[in-house]
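Participant: build me a model from this:
(2 chains, ligands or ions: 2)
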There are 2 protein chains.
Amino acid sequence: ASRPRRRMVAVRAEAINPDIRKTEEKVVDSVLLPEISKPVTAYCRCWRSGTFPLCDGSHLKHNKATGDNVGPLLLKQK
Amino acid sequence: ASRPRRRMVAVRAEAINPDIRKTEEKVVDSVLLPEISKPVTAYCRCWRSGTFPLCDGSHLKHNKATGDNVGPLLLKQK
Ligand code: FES
Ligand code: FES
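Facilitator: Ligands and ions are numbered 1, 2, ... in the order given. I've put the predicted structure just below:
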């Protein structure tokens, strides 16, 4: 008798941060607003930036590779 | 002859945003800094918040379920 085939089920409960500061229990960053001087500053929410916590545009590659639609948080002076 | 066994390889190129504003090509949010009045405001980076773009603490459940270590961006007045 053959073994029953194992059904594959996609489990989506996965980590979203592959690499950033994995020795930290929780990666929290603080921005002191009086120190923000540029008109617009982009902060990463895709966990793929080489300049995390800042956005370096890496969300574009992630979105293209996965069909995702994530993007940064923009801090604006006005 | 038996079929060769298929090797399973975990593919990590997956979307990290399961539900938020999926009709938008890219989810970008803007914060006007002069309108931030609270001493500390937490913005979500886990894509699990019920009050996105704000953090509602849902990163805790996500981290526990997946072993991840993500957390919010804190905007502080000082
Ligand atoms: S690089 Fe992560 S949101 Fe832009
Ligand atoms: S709920 Fe997403 S970072 Fe807190």
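Participant: give me the distance between the residue nearest to the spatial centre of chain A and B:Glu35.
Facilitator: For chain A, the residue sitting closest to the mean C-alpha position, by C-alpha atoms, centre = their mean, is A:Cys46 at 1.9 Å. Separation of A:Cys46 from B:Glu35 (C-beta to C-beta, to the nearest Å): 25 Å. In this view, the C-beta of every residue, glycine as well, is placed from N, C-alpha and C.
Participant: distance between the lowest-mean-pLDDT helix or strand in chain A and the chain's centre?
Facilitator: Within chain A, no helix or strand scores below helix A:59-66, which has a mean of 95 by mean pLDDT, DSSP states H and E. For helix A:59-66, the gap between its own C-alpha mean and the chain's C-alpha mean amounts to 11 Å (C-alpha atoms, centre = their mean, to the nearest Å).
Participant: stretch A:37-54 too?
Facilitator: For stretch A:37-54, the distance to the chain centre is 10 Å (C-alpha atoms, centre = their mean).
Participant: again with stretch A:68-77
Facilitator: Worked out by C-alpha atoms, centre = their mean, stretch A:68-77 lies 11 Å from the chain centre.
Participant: do it and ligand 1 meet at all?
Facilitator: Yes: for stretch A:68-77, a contact with ligand 1 is found by C-beta under 6 Å from any ligand atom, at A:Gly71, A:Pro72.
Participant: buried stuff in that stretch?
Facilitator: A:Asp68, A:Asn69, A:Val70, A:Gly71, A:Pro72, A:Leu73, A:Leu75 (16 or more other C-beta atoms under 10 Å in any protein chain shown).
Participant: what's the answer for stretch A:57-70, then?
Facilitator: Using 16+ other C-beta under 10 Å as the test for burial, stretch A:57-70 gives A:Ser58, A:His59, A:His62, A:Asn63, A:Thr66, A:Asp68, A:Asn69, A:Val70.
Participant: any idea where the strands of chain A begin and end?
Facilitator: Assigned by DSSP state E, chain A shows strands spanning A:27-32, A:40-43, A:70-76.
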